[in-house]
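K.L.:
sequence and predicted structure are below.
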Amino acid sequence: MTLEFLVASAIGVLTAGGIYLALRARTFQVVLGLTLLSYAVNLFLFAVGRLVVDRPPLYAPGMTDHADPLPQALVLTAIVITFGMTALVVILSLRSYLESGSDQVDGIADPPRDEGE
């Protein structure tokens with residue numbers, strides 16, 4: 001098994017889990033699904049950026065080749081944006097819960113259950 005297959009499998013599992021959770025009816029699961037999707041995108045950006053091993057990131061004396069810093073900068077920017085968006089979505093879902101009394105995405109509360117079930 002190669003490292004490329006492992007990274008591709010990790011991206012696929014994170015994407016599948018993120019889509020599954022994003023399509024759920026509860027707001028907390030939707031937030032977790034969006035977070036998993038952002039992790040999958042970050043791994044994808046690293047994989048597309050052709051990361052190399054044993055090369056300095058910017059400059060080292062005596063080295064002619066160096067790693068491309070663009071994928072690292074893109075992922076760092078994506079992490080910061082994801083953190084801000086996750087905080088916003090959590091606050092919006094908390095406000096929705098406080099106003100509707102339900103954590104359902106559509107705002108409709110679950111029907112009460114019978115004691116016998």
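P.N.:
Yes, it's here.

K.L.:
residue ranges in this protein under the pLDDT threshold?
P.N.:
107, 115-117 (pLDDT under 70).

K.L.:
again, only using 90
P.N.:
1-4, 7, 25-27, 45-75, 93, 96-117 (pLDDT under 90).

K.L.:
report the secondary structure state of the residue nearest the centre of it.
P.N.:
Closest to where the C-alpha atoms of the chain average out (C-alpha atoms, centre = their mean) is residue 38, at 2.5 Å. Assigned with DSSP: H, G, I helix; E, B strand; the rest coil, residue 38 falls in the helix class.

K.L.:
gap between residue 67 and residue 22?
P.N.:
33 Å (C-beta to C-beta, to the nearest Å). C-beta: built from backbone N, CA, C; applies to glycine.

K.L.:
same question, residue 70
P.N.:
28 Å.

K.L.:
next one: residue 108
P.N.:
Counting by C-beta to C-beta - residue 108 and residue 22 are separated by 19 Å.

K.L.:
what do you get for residue 82?
P.N.:
14 Å.

K.L.:
now residue 66
P.N.:
Distance from residue 66 to residue 22, by C-beta to C-beta: 38 Å.
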